[in-house]
Every structure is written in C-alpha cells, then in structure tokens.
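Enquirer: Whatever this is, show me its structure:
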Amino acid sequence: ATADSDALLPYAKEIREKGIKLILVDSGLSEPVGSCFVGTDNYAAAKYVGDVMGGEMGGTGKVAVISHSTQTTTAGQRAEGFARGIRNYPDMEIVGTYDIGDSTERSYETTTLILSENPDISGLFATNQISAEGVSRAIRESGREDIRFYAFDSSTVQNEALETGIVDGFAVQMPFNMGYMAVQAAVEAADGTLRVTSI
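Expert: Below you'll find the model as predicted:
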C-alpha cells in the first residue's frame, strides 16, 4: 500500500526484475508494475459522490476539497473523480484542493481557515478518514452546519458526525475484504494460479 506513488516506483521495479510477485493494495503506483492491484475504483466512487453532492446542493455553490497526501494515487483519483462529478453542474465551483498531508489536526486547521476566509462556501469534500475527521471538527466548532459535507471512508467519529448532521454522506470502502483479497492474490501469484478480475 504505497504512501508515495513515485518514490516507491524504483523499488517496485527492482522487485519485479528479481522475479518476485508484487501485490498492490489500496494505493497504486504511478506506473503499472505489480502483478495485481486490489482496491477501490477511487475515481468512479468520488465522481458519484460529486454528482450526489451537486444534486443535493441544487446544482449551485462553491465547494472545497480537503485532500490527504497528494503523493498517493488514491488522493489524486478521488480529487479528479469528485471534480468530474461536480462538472455535471455548471453553476458549481471548486475553489481549491488543499493538501493536509495525512494530519487530522492540519485538516481541522485548514478547514477552519477556509470557512473563515470564504463565508460564501457551501460545500466540502474530504478524500479520506483523516481529512474527514478534521473537517467534521471544524464544521462543528464553527457552527457552520449549513455546509454540505461529503467524504470518503467511515469511522466511529464520522459515524457520529453523520448521526448529528455534520456529515451528509460518505463513500465507504471494505478494507477487511481488500486485505483478505490481497493476501489471497499473493498466494495465488506465488503458486501461478492468479487470475486478475475486476469487480
């Protein structure tokens, strides 16, 4: 599960050149190097979230994207997919994408600043659990519960925020299944029975 899609690439190539099977899970590389990738179609899921959010906002308004580390493929794909979903609504505008570097505290601080500097902002999208938890706290403390907020991933904190109306919706992955399928793929790759499919 790569934290930096470019920095890990030379090591992944070395693994492949030595004949070792490499299974990528959750976050991929900037080039197709592994024997198999197990993960969410982040672009499609985020595009769906953007489309739903735009519909719920009546097709108008300004939104910001609070993104986890942009060195990961997941962050880029989710930001791009969300932007594509929002483009279905010509009267909506994404005012910016903010990299919080996988820090809940930085997400909170960044969102607090965005809300104070952009009183006309009406929507926020967070690309993972860490960024989402910071956004939830900032919305709650600002009193801006009029903000439409959608995110990727769920957690106890996010589930509570959903119950209290801070979060309007989120795309939920199946991390246990991804981990299980990745180990299963590694075993099959090692014994030569791996069949790659898309579900």
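
Enquirer: helices and strands of this protein: which one has the lowest mean pLDDT?
Expert: The weakest-scoring helix or strand in the chain, judged by mean pLDDT, DSSP states H and E, is strand 36-38 (a mean of 86).

Enquirer: Off-centre distance for it?
Expert: Chain-centre distance of strand 36-38: 17 Å, with CA atoms, centre = their mean, to the nearest Å.

Enquirer: Packing partners of that strand?
Expert: strand 23-25, helix 175-191 (3 or more CB pairs under 8 Å, 6 or more residues apart in numbering; DSSP states H and E). Bear in mind the C-beta positions are built from the backbone N, C-alpha and C, glycine included.

Enquirer: elements contacting the helix or strand just after it?
Expert: Per DSSP states H and E, the first helix or strand lying C-terminal to strand 36-38 is helix 42-56. With contacts defined as 3+ CB pairs under 8 Å, 6+ apart, the packing partners of helix 42-56 are helix 73-86, strand 121-126, strand 148-152, strand 169-171.

Enquirer: Can you give me the buried ones in the very next helix or strand once past the first one?
Expert: On the C-terminal side of helix 73-86, the nearest following helix or strand under DSSP H and E is strand 91-99. Under the neighbour-count criterion of 16 or more other CB atoms under 10 Å, strand 91-99 has Met92, Ile94, Thr97, Tyr98, Asp99 buried.

Enquirer: cool, stretch 1-19 as well?
Expert: Ala1, Thr2, Ser5, Leu8, Ala12, Ile15.

Enquirer: so can I have CSV of those showing pLDDT?
Expert: What follows is these, written out as CSV (pLDDT from 0 to 100):
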residue, pLDDT
Ala1, 83
Thr2, 82
Ser5, 81
Leu8, 88
Ala12, 89
Ile15, 90
